[in-house]
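Visitor: below are the sequence and a predicted model for it; my questions follow.
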Amino acid sequence: MVNLAPEKLVIAISSRALFDLDAEHLVFEKQGLEAYASYQIEHEDKPLERGQAFTLAKKLLALNETLEAPLGVEIVLLSRNSADTGLRIFNSIEHYNLPITRAAFCGGESPWRYIQAFGCHLFLSSEPDAVRKALENNVAAATLVSKPVTESDDAVIRFAFDGDAVLFSDEAEKCYKAEGLEAFTKSEREQRNQPLTGGPFKSFLSALHLLQKSLPEESPLIRTALVSVRSAPAHERVIRTLRAWDVRLDESIFIGGLPTVECLTSCNTDVFFDDQETHFHLSSYHVATGHVPHGVANEPYTRLYRSL
């Protein structure tokens, strides 16, 4: 990945994640491309409603009011629309006063291939196939699956991450699924001094950590949390891994198999990244949630996708 502005945190967001385009997509599915194009042009002066990633994008861009150049946050818009039908999207960006200036309109094709060209650290989309492609190309990515779209007056941005198969590789999770809890606990205790291999979100967490260090300590505007189903003694390897990476997490919550929802709402999470369907479906009704289709828990989907 070539980062054109290494001092910046660059996040790619699809147009259907930034704005609510469900009604427009229904026109496309039922009436075809020509009807969709006509609909978008006819309504191009009508702002789109906010989508699942809107609040997060707005809060991230607001960090630029505190950060001193060349540090900053940039949002890049990626869309299957053509530039012609995408004019409504840019009009909506202007309506909401979002400082987004870079975009790729791909005329019906998936825009994931431009993620690395823009030097993006993270890709948020509503399309699972595009997210899997991004992950295969070593870019942190998630499919937004949350139900509510909520506004927040809190300037602090709170990221929450699952551990295994998200921040870390799925090596420990494979042991648990293959051999059970007792073997997993024994293995983690024996390897407590051996750092876990990084997962798909390691690089994004590192970039986020560098940005955190540039913000005023007295009023931290970014907070990060690990919300892991692990419990003691399996927690020790996680702590030692983060120490070896020289990355700080503000909060580490080891829930030992309990539901994650209560913890996520307790820390006012803005977005939660998880690999497991049973976890993210529950949380998606309460906080913005991104599914990370990576690791052993997603192997049936991965095998199906690769066979297409």
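Guide: Done, it's in.
Visitor: what's the first helix or strand after the helix or strand harbouring residue 76?
Guide: In the assignment (DSSP states H and E), residue 76 maps to strand 72-79. Scanning forward in sequence from strand 72-79 by DSSP H and E, the next helix or strand is helix 87-95.
Visitor: which residues sit against that next one?
Guide: Outside helix 87-95, the residues that touch it by CB atoms under 8 Å, 6 or more residues apart in numbering are 15, 18-19, 40-41, 43-48, 77, 79, 81, 100, 103. (C-beta placed from N, C-alpha, C; glycine too.)
Visitor: that one to strand 72-79, inter-axis angle?
Guide: Orientation of helix 87-95 against strand 72-79 (axes from the mean of the first three to the mean of the last three CA atoms, to 10 degrees) gives an angle of 160 degrees.
Visitor: which residues touch the helix or strand following helix 87-95?
Guide: Once the chain leaves helix 87-95, the next helix or strand it forms, by DSSP H and E, is strand 102-105. Strand 102-105 has contacts (CB under 8 Å, 6+ apart) with 74, 76-79, 81-83, 86, 89-90, 111, 114, 118.
Visitor: could you chop this structure up by domain?
Guide: Here the domain assignment for the chain is 8-143, 157-307, based on automatic domain parsing.
Visitor: now residue 16: which helix or strand?
Guide: Here residue 16 is assigned to helix 15-18, by DSSP H and E.
Visitor: excluding chain neighbours, give the residue nearest to residue 7 in space.
Guide: Spatial nearest neighbour of residue 7, excluding adjacent residues (CB to CB, 6 or more residues apart in numbering): residue 70 at 4.2 Å.
Visitor: same thing with residue 79?
Guide: Closest residue to residue 79 apart from its sequence neighbours, by CB to CB, 6+ apart: residue 15 at 3.9 Å.
Visitor: just list the residues touching that neighbour, thanks.
Guide: By CB under 8 Å, 6+ apart, the residues touching residue 15 are 21, 77, 78, 79, 80, 81, 86, 89.
Visitor: so which of those comes closest to residue 123?
Guide: Using CB to CB, residue 78 comes nearest to residue 123 of the contacts of residue 15, at 7.6 Å.
Visitor: can I assume residue 35 is in contact with residue 24?
Guide: No - the pair residue 35 / residue 24 is not scored as a contact, 10.4 Å apart, by CB atoms under 8 Å.
Visitor: in terms of neighbours, single out the busier of those two.
Guide: A count of neighbours by other CB atoms under 10 Å puts residue 24 above the other of residue 35 and residue 24, at 20 against 12.
Visitor: now the helix or strand harbouring residue 36: average pLDDT?
Guide: Taking DSSP H and E as the criterion, residue 36 maps to helix 33-42. Computed over helix 33-42, the mean pLDDT rounds to 88.
Visitor: next: stretch 284-296.
Guide: On average, the pLDDT along stretch 284-296 is 85.
Visitor: give me the buried positions along it.
Guide: Buried residues in stretch 284-296, counted by 16 or more other CB atoms under 10 Å: 284, 286, 287, 288, 289, 290, 291, 292, 293, 294, 295, 296.
Visitor: hang on, the first one packs against residue 142?
Guide: No - when contacts are counted by CB under 8 Å, residue 284 is not listed as touching residue 142 (11.6 Å).
Visitor: just say helix, strand or coil for the most centrally placed residue in the chain.
Guide: Residue closest to the mean C-alpha point of the chain, counted by CA atoms, centre = their mean, is residue 142 at 4.6 Å. What DSSP: H, G, I helix; E, B strand; the rest coil gives for residue 142 is strand.
Visitor: when you give positions from now on, start the count at 58
Guide: All right, first residue 58 from here; so that's residue 199.
Visitor: bridging residues for the closest residue in space to it that isn't next to it in sequence?
Guide: Using CB to CB, 6+ apart and skipping the chain neighbours, the partner closest in space to residue 199 is residue 347 (2.9 Å). Going by DSSP bridges, residue 347 is paired in beta bridges with residue 201, residue 330.
Visitor: which residues touch residue 347?
Guide: Residue 347 touches 181, 199, 200, 201, 202, 328, 329, 330, 331, 337, counting by CB under 8 Å, 6+ apart.
Visitor: please apply the same query to residue 201.
Guide: So residue 201 contacts 74, 109, 110, 181, 182, 183, 345, 346, 347, 348 (CB under 8 Å, 6+ apart).
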